[in-house]
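Asker: make a model of this:
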Amino acid sequence: MHPHTPAVKLQEIELKLYLPTSDLLGLAKRLAKSAVLVRRRPSRQALHNIYFDTPDQKLRQKRVALRLRRVGETFQTHWLQTLKTSPNDPSALSRRGEWESLVAGATLSREALDATPWSEFDTDGSLFDALIPCFVTTFERTLWLVHRRDGSLIEVALDIGHIEAGGKRTSICELELELKVGEPTALFEIAQQIARTVAVLPANLSKAQRGFLLAQDGLDQPERSQAPRLTFDLTRPALAQRVLREMFTQFTGNLNALRTSDDPEVVHQARVGWRRFKSGVRLFNKMFKENPPPSWLELRPLLDCLGELRNLDVARDETLPPLANAYVVGDDQRANDWQALTQALEQTAKQQRKAVRYALQEPVVGMSLLATSQWLENLSDGDENKQIPKDKLRHWAKSRILRMHQQMEAAHQSAATPEGFHRARILAKRLRYGSEAMRDLLPKQLAKYCHQQACSLQSSIGATRDITQASELVARLEIDRGVVEFLRGVALGTVLSSALMTVHRSSVR
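Answerer: Residues are numbered from 1 along each chain as shown. The predicted structure follows:
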């Protein structure tokens with residue numbers, strides 16, 4: 001057997017989906033009953049992969065993955081060495097360069113990298129010499145090949161197994177749809193057919209990315225916003241796509257983490273991701289007249305569940321603890337009542353977290369998220385695919401942000417009711433998200449000023465709204481009415497205080 005075969009270059013176009021289910025044993029059978037796979041005979045492979053990088057993860061920094069894969073078990077095995085490169089923009093649909101070569105065994109081959117871009121970032125071979133095993137993945141792959149009447153060919157792969165890194169382990173339960181022949185639209189069409197039978201979530205992380213996160217205890221952590229890098233050479237559709245894709249990825253990334261994480265911050269960041277995304281769509285709304293976004297009506301039950309859970313988390317972790325001493329004031333009975341309140345909120349939040357996880361397993365959720373992912377992928381196919389002059393693009397961004405600032409100020413100055421203050425807070429959030437997302441296109445002082453103004457107003461109104469919501473939550477629980485009346489009094493006082501401050505500010509102006 002030759003030490004290796006020359007690496008073959010491919011462009012891997014793949015749609016990756018997580019499967020939010022605890023029924024792993026019946027998953028393959030349920031999947032096989034979907035309309036698109038029901039008459040197709042699957043094949044199975046046992047796969048074991050070793051991923052390599054330098055101790056300081058230079059490959060990961062360059063968005064490059066290098067692995068050795070053992071295919072098969074016992075005596076019928078062979079080894080493949082694969083180098084993959086990834087784009088910077090996160091998305092469930094990935095387009096990656098892939099170079100694969102057959103090698104002699106479980107040892108990296110430098111010669112097998114000759115026909116790859118390896119020499120571009122390892123000119124003297126020192127990087128290759130520094131490579132070490134970082135983690136392994138082991139899973140069973142069930143494969144279906146789907147030939148469509150339009151001539152396209154898609155490989156559907158169900159992977160069930162685990163990732164191991166540094167003595168830690170996490171499960172693999174995902175679906176990969178790889179385009180062999182045809183257009184990417186075919187991937188989404190097949191995914192939608194599967195989603196009618198099996199619940200899915202868009203997957204933004206590869207197995208390699210998950211492995212590195214597992215090694216660093218970073219898996220299923222809250223995914224916070226990361227304003228995309230914007231340049232003046234982007235067309236307006238490409239600009240919208242880059243901004244909205246990052247926002248949507250934050251939302252779906254936290255949804256996936258919610259399957260296993262009890263961290264209240266994951267819930268918070270999921271809701272932030274969705275609000276940022278909706279604000280971003282509003283920011284670019286004039287572009288979508290001919291290609292409007294899909295309906296999100298089917299997401300409403302999930303979003304409502306998330307909102308209720310977030311309100312419970314804020315009440316029990318942030319709003320109510322500072323008020324405990326003011327209510328108890330050395331009274332044993334009141335102390336018991338407050339303890340009962342704390343326990344009731346804890347139990348209610350636990351049940352609500354289960355409701356969120358059940359909502360994630362509704363097929364309509366995955367179908368709606370897939371439709372949005374496909375809409376985002378098609379944004380850059382618009383008729384405006386020509387570069388906008390730098391001054392015109394800067395003027396557009398500046399005018400949009402200034403308009404949002406004016407709307408926020410007007411709403412705040414006229415606010416006199418809880419609903420009015422809530423409206424002002426929503427506009428403050430939109431301004432904050434917009435100034436963060438468009439930062440690279442705005443004058444620095446304007447971006448900084450608008451962001452500070454939005455954050456300040458959001459914070460000041462937020463404290464009032466949080467105590468009002470906490471009092472409403474507590475009123476629904478079966479606890480002592482004295483606690484309920486106390487919180488209602490505190491809420492009323494904060495609302496009146498905010499209203500008086502608004503009146504004072506208006507009179508000074």
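
Asker: run a quick neighbour tally on residue 20.
Answerer: 23 (other C-beta atoms under 10 Å). C-beta here means a position set from N, CA and C on the backbone, and glycine is covered the same way.

Asker: my guess is it meets residue 199, correct?
Answerer: Yes: counting by C-beta atoms under 8 Å, residue 20 touches residue 199, with 5.5 Å between them.

Asker: got any residues that touch both of the two?
Answerer: 360, 361 (C-beta atoms under 8 Å, 6 or more residues apart in numbering).

Asker: any figure for the gap between residue 468 and residue 271?
Answerer: Distance of residue 468 to residue 271, given as C-beta to C-beta, to the nearest Å: 18 Å.

Asker: between those two, which one's more packed in?
Answerer: Shown here are residue 468 and residue 271; by other C-beta under 10 Å, residue 468 has more neighbours (21 against 17).

Asker: am I right that that one sits in a strand?
Answerer: No: the assignment for residue 468, made by DSSP: H, G, I helix; E, B strand; the rest coil, is helix rather than a strand.

Asker: in the longest strand seen in the chain, what's buried?
Answerer: Longest strand in the chain, counting residues (DSSP state E): strand 132-147. The neighbour-count check on strand 132-147 (16 or more other C-beta atoms under 10 Å) flags 134, 135, 136, 137, 139, 141, 142, 143, 144, 146 as buried.

Asker: direction included, what does the helix or strand following it pair against?
Answerer: Later in the chain than strand 132-147, the nearest helix or strand by DSSP states H and E is strand 153-165. Strand pairing for strand 153-165, determined by DSSP bridges: strand 132-147 (antiparallel), strand 168-181 (antiparallel).

Asker: what is the mean pLDDT for strand 153-165?
Answerer: For strand 153-165, the mean per-residue pLDDT is 97.

Asker: same question for stretch 241-250.
Answerer: Stretch 241-250 comes out at a mean pLDDT of 95.

Asker: could I have that stretch exported to PDB, CA atoms only?
Answerer: Provided in PDB are the C-alpha atoms of stretch 241-250 (Å, rounded to 0.1, in the frame of the first residue of the first chain):
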ATOM      1  CA  GLN A 241     -26.600  39.400   5.200                       C
ATOM      2  CA  ARG A 242     -23.400  39.800   7.300                       C
ATOM      3  CA  VAL A 243     -25.200  41.800  10.000                       C
ATOM      4  CA  LEU A 244     -28.300  39.600  10.200                       C
ATOM      5  CA  ARG A 245     -26.400  36.300  10.000                       C
ATOM      6  CA  GLU A 246     -24.400  37.100  13.100                       C
ATOM      7  CA  MET A 247     -27.500  38.100  15.000                       C
ATOM      8  CA  PHE A 248     -29.500  35.000  14.000                       C
ATOM      9  CA  THR A 249     -26.500  32.800  14.900                       C
ATOM     10  CA  GLN A 250     -26.500  34.300  18.400                       C
END
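
Asker: and the contacts of that stretch?
Answerer: Contact partners of stretch 241-250, identified using C-beta under 8 Å, 6+ apart, comprise 89-91, 204, 223-228, 230, 234, 269, 272-273, 276-277, 280-281, 283-284, 372-373, 376, 379-380, 433, 437-438.
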